[in-house]
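> pasted the sequence and its predicted model underneath.
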Amino acid sequence: MRNQTAVATVVTATGCCPTCGQALPEADPGARDELTLMRAACVVMRIQPTWDDHVSERDAARLLNRSPQTLRNRRGLDCPLPFRKRGGRIEYALSALCGWGEDEKSAA
């Protein structure tokens, strides 16, 4: 909960995306874009996404507050998050991580 508060503070205080510096669209604070909040969480947690908004497996696990082993298990089962493999490194898109909480709730 502390990280979410810090993310909201960063986004609200600056009025722009902490990653790219572009102005955020005018909207009420409750309707913030999930991807923008995920980018802000990366800034707060000092996670450096790639230019196309992908993060490593370890960083994705940190963002989701899960173990990297959980993501590996999901890849091995029939319900993986979309990922890509670059060399021997697994990367996840921030946009795919945004919907992970809803997917997990619907599976339960």
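Thanks, I have it. Residues are numbered from 1 along each chain as shown.

> isn't there a helix covering residue 95?
Yes. Judged by DSSP: H, G, I helix; E, B strand; the rest coil, residue 95 forms part of a helix.

> can you get me a residue count around the nearest residue to it once chain neighbours are set aside?
Leaving out its chain neighbours, the residue that sits closest to residue 95 by C-beta to C-beta, 6 or more residues apart in numbering is residue 35, at 5.6 Å. (Each C-beta comes from the backbone N, C-alpha and C, glycine too.) Around residue 35 sit 16 other residues, with neighbours defined as other C-beta atoms under 10 Å.

> and residue 75, how far from residue 39?
24 Å (C-beta to C-beta, to the nearest Å).

> below-threshold pLDDT in the chain: ranges please.
Scanning the chain for pLDDT under 70 picks out 1-32, 101-108.

> could you pull out the helices in it for me?
Counting by DSSP state H, the chain has these helices, from start to end: 2-14, 34-44, 57-64, 68-76, 94-98, 100-107.

> if we ignore the residues flanking it in sequence, what's nearest residue 48?
residue 42 (7.3 Å).

> relative to residue 85, how far out is the one you found?
In terms of C-beta to C-beta, residue 42 sits 21 Å off from residue 85.
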